[in-house]
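Chemist: test case, fold it:
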Amino acid sequence: MMKIIFVVSLLSLLFVHSANAEKGDRKKPIYLEADRATVEDVNRKEGSRVSVFTGNVILTQGTLRITADKMIMKEDVQGFRHATAIGELVTFRQKRDGLDEYVEGWSERAEYDSKTDKIELFRQARLKRGTDEVQGDYIAYDMNSEFFQVKGSKERGVESGPDKRVRITIQPKNKSE
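Modeler: Residues are numbered from 1 along each chain as shown. As a prediction, this is how the structure comes out:
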C-alpha cells in the first residue's frame, strides 16, 4: 500500500508542469449532442435540473470533449454541472493551457464536475498526457492542478476487476526539456 502511494506521489511530481487545463474552456458554452434527450425541469424548485442524453453523446466546452453512450447531467442553481457519462468506452480530451498537448482519458464510466474542474474515471481507466500514461481501476484527475490519483481494483475492494494493479509508463525526456 505504501509503495503504491509513494509511486503515485512520485509520478504526480513527474507529471506536474506549470501548464494546466485550458483556462478559457470554463467560460465557453457547453454543447451537447445525442440521439435522444430528456430534460426534467420539475426538480428546478429543489435547486437542480436533471437532463438525460442517450445514444452517441458528445459534450464539448472549448477544448474539453467527453463522449459516451449515455450521460446524466445535473445542474445546480449556480449553473455548475455534474455529468455522469456511461458507456462501453467513455472518452475525454482537453488541451493543456499554453501547450500544444492534450490530456486524454478512457474508462467505462466518468464523472465530471464543472465546479471543481475534476474528472473521475471508473473501471479500466486510462489517462494519457503526451507519451506518459497511467492505468488502473480508478483515476481522479484535477484539471487545474493536473494532480491525479490512481487506484487498482484490489485497493478499491473490487477483487473481480481486471485492473488489480496500477500501471504507469513514463517516457524518457531529453535533458534539454
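Chemist: so, low pLDDT: which residues of the chain?
Modeler: Across the chain, the ranges flagged by pLDDT under 70 are 1-26, 41-47, 154-163, 175-177.
Chemist: switch the cut-off to 90
Modeler: Along the chain, segments meeting pLDDT under 90 span 1-30, 39-50, 75-81, 96-101, 114-115, 117, 129-132, 143-149, 151-177.
Chemist: please name the bridge partners of the residue most central in space within it.
Modeler: Geometric centre of the chain, nearest residue: I119, 3.3 Å, by CA atoms, centre = their mean. Counting by DSSP bridges, I119 forms beta bridges with Y112, Y141.
Chemist: distance of it from V50?
Modeler: Relative to V50, I119 is positioned 19 Å away (CB to CB, to the nearest Å). Heads up, the C-betas are built off the backbone N, CA and C, glycines and all.
Chemist: what of F80?
Modeler: F80 is 14 Å from V50, where distance means CB to CB.
Chemist: again, but for D132
Modeler: From D132 to V50 the distance is 37 Å (CB to CB).
Chemist: with D100 instead?
Modeler: Distance from D100 to V50, by CB to CB: 37 Å.
Chemist: same check, this time on E146
Modeler: E146 is 30 Å from V50, by CB to CB.
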